[in-house]
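**Student:** Okay, predicted coordinates and the sequence, questions at the end:
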Amino acid sequence: MYLAHGVRVAAVALSVATMTAATTAGAVTSGASTTTTAGLPKRVPRANLVPGSVGSGEAVPEAAPQARSADEIRNRMSSFQRGVREARAAGSQNEEP
């Protein structure tokens, strides 16, 4: 039991040391206060992104939504409404008084 507790304490200490080092490094580079009044680290937007995981910042034009006919939309909405009615009916049959 002590060994597991000791391992947990070591992991927490390592985590705190890592966070402190990261906060200190951020304070050196940004020059601004990196902690809140409660002592918690402030979030820096987009600071921890993996290179290449997010676009370069230029806006990608979105494709225009495809045009649908009124009949297609009506059929889709009526199917949805029918499904809701069937689910409500099935739910009321499953309820016990």
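**Tutor:** Sure thing, it's come through.
**Student:** What count of nearby residues applies to the residue nearest to residue 33 when sequence neighbours are not counted?
**Tutor:** Among residues not flanking residue 33 along the chain, residue 42 sits closest, at 7.2 Å (C-beta to C-beta, 6 or more residues apart in numbering). All C-beta spots, glycine's among them, are computed from the backbone N, C-alpha and C. By other C-beta atoms under 10 Å, 12 other residues sit near residue 42.
**Student:** check contacts around residue 42.
**Tutor:** 33-36 (C-beta atoms under 8 Å, 6 or more residues apart in numbering).
**Student:** so of these, which ones are in strands?
**Tutor:** Among the contacts of residue 42, no residue falls in strands (DSSP state E).
**Student:** which one of those residues has the most neighbours?
**Tutor:** residue 34 (19 neighbours).
**Student:** Next one: that one, what pLDDT does it get?
**Tutor:** Looking at residue 34, its pLDDT is 85.
**Student:** Against residue 44, how distant is it?
**Tutor:** 8 Å (C-beta to C-beta, to the nearest Å).
**Student:** and residue 41, how many neighbours does it have?
**Tutor:** Residue 41: 14 neighbours (other C-beta under 10 Å).
**Student:** Any idea what it is bridged to?
**Tutor:** residue 35 (DSSP bridges).
**Student:** shaky segments in the chain?
**Tutor:** Low-confidence segments of the chain (pLDDT under 70): 1-32, 55-60, 96-97.
**Student:** any idea how far residue 36 is from residue 67?
**Tutor:** In terms of C-beta to C-beta, residue 36 sits 50 Å off from residue 67.
**Student:** Over to residue 50?
**Tutor:** 38 Å.
**Student:** Check which helix or strand residue 78 maps to.
**Tutor:** Secondary structure assigned from DSSP states H and E places residue 78 in helix 70-94.
**Student:** That helix - contacts with which helices or strands?
**Tutor:** Using 3 or more C-beta pairs under 8 Å, 6 or more residues apart in numbering; DSSP states H and E as the contact criterion, no helix or strand is in contact with helix 70-94.
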